[in-house]
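Enquirer: My questions concern the predicted model and sequence given below.
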Amino acid sequence: MSAGAGRKALGVTSAELKATIAEAENQHLAAALQLGEALVVQRAMPDRDVASKQAAVDAAQNRLAQLRLMLPIVERAEADALEAARTALDGDCQRQLARHLAALLKAGMQFSVHYQNAASAFRRMVQAGEECSRLLSDQQRRVGNGHLEIRLSGSGLRSMAQAEINRVGLLPFHARGVSAPGTDPRQVSPDYSACNQNLPSLEAEIRSLTARLLPAPAKAQERAEAQNLPR
């Protein structure tokens, strides 16, 4: 039974009944005072009729007693209705909790699978980088005092991957929330601390590295033709 249904069935709330009881107590007290005054007068005037005053006191007392008998019944009905409402609310909360826990489990499983894929992809990156390093020419190895070779090394690729993790999963310092696991704001340049999403993507970094190692066909052709010109 809901609180509204309980009130409809009983026709009154405990608060309303308590207010009515307080009013009945005042009426009983007023009637008792009037009876007392009439009794005092009757002492001097024995013929004075006090029956009506006594009846008023009796009626007020009976009404007060009836109201007081009603109060625990109304309070119990309200308590039952409140408990029913709480039970219904708890049931709804449990259903919502179960739904969100299921969503949490699903997201957690997806995170685990995707992280396994990310870890496997990174190992393949390292393996490919080692093969690229093995195939570098002496001239390519000398570029930037070995800069290209360092970029292709496991540590260099890990640095690029870390930047990608920060680009995707790190929240700006002014944002609310929790950054994704693996992010490290200490590795983000102050220039990007407020907009880490503007960091160069991993794809862009690798494409840039590729462009330095493998010039565009047109440029390679021009270089070959220049080398074949008579001197």
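Expert: Good, I have the coordinates. Residues are numbered from 1 along each chain as shown.
Enquirer: okay, now the domains of this protein?
Expert: Here the chain is described, according to automatic domain parsing, as comprising the domains 3-107, 136-214.
Enquirer: What's the first helix or strand after the host helix or strand of Ala77?
Expert: Assigned by DSSP states H and E, Ala77 falls within helix 51-134. As assigned by DSSP H and E, the chain's next helix or strand after helix 51-134 is helix 138-142.
Enquirer: circling back to that earlier point, take the domains of the chain and lay them out in CSV including distance to Val113 and mean pLDDT.
Expert: Quick note: C-beta positions are derived from backbone N, CA and C, even for glycine. Formatted as CSV, those follow (distance: least, CB to CB, whole Å; pLDDT from 0 to 100):
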stretch, distance to Val113, mean pLDDT
domain 3-107, 11, 89
domain 136-214, 15, 90
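Enquirer: closest one to Ala121 among the ones you listed?
Expert: Ala121 sits nearest to domain 136-214 of all the domains of the chain, at 9.0 Å, using CB to CB.
Enquirer: circling back: same for the helix holding Ala77, what does it pack against?
Expert: helix 3-10, helix 14-44, helix 147-152, helix 154-169 (3 or more CB pairs under 8 Å, 6 or more residues apart in numbering; DSSP states H and E).
Enquirer: The same query, at a cut-off of 10 Å, please.
Expert: Other helices and strands packing on helix 51-134, by 3 or more CB pairs under 10 Å, 6 or more residues apart in numbering; DSSP states H and E, are helix 3-10, helix 14-44, helix 138-142, helix 147-152, helix 154-169, helix 202-213.
Enquirer: ok so, going back, ok, which of the domains of the chain comes nearest Ala119?
Expert: Using CB to CB, these put domain 136-214 closest to Ala119, at 10.2 Å.
Enquirer: ends of the closest one, how far apart?
Expert: For domain 136-214, the first-to-last residue distance is 11 Å (CA to CA, to the nearest Å).
Enquirer: Run the chain-centre distance for that domain.
Expert: 32 Å (CA atoms, centre = their mean, to the nearest Å).
Enquirer: circling back to that earlier point, with distance to His114 as extra columns, can I get the domains of the chain in TSV?
Expert: Formatted as TSV, the domains of the chain follow (distance: least, CB to CB, whole Å):
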stretch	distance to His114
domain 3-107	10
domain 136-214	11
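Enquirer: Of the ones you listed, which is nearest Ala128?
Expert: Closest to Ala128 of the domains of the chain is domain 136-214 (CB to CB; 8.7 Å).
Enquirer: What number of residues are in the vicinity of Asp191?
Expert: By other CB atoms under 10 Å, 9 other residues sit near Asp191.
Enquirer: in stretch 135-144, what counts as buried?
Expert: 136, 140 (16 or more other CB atoms under 10 Å).
Enquirer: Likewise for stretch 190-199?
Expert: For stretch 190-199, by 16+ other CB under 10 Å, it's 192, 196, 199.
Enquirer: List just the nearest of those to Pro172.
Expert: Looking across the buried residues of stretch 190-199 and measuring by CB to CB, the closest to Pro172 is Asn196, at 6.2 Å.
Enquirer: re the thing from before, compute the inter-axis angle for the helix holding Ala77 and helix 154-169.
Expert: Interaxial angle, helix 51-134 versus helix 154-169 (axes from the mean of the first three to the mean of the last three CA atoms, to 10 degrees): 150 degrees.
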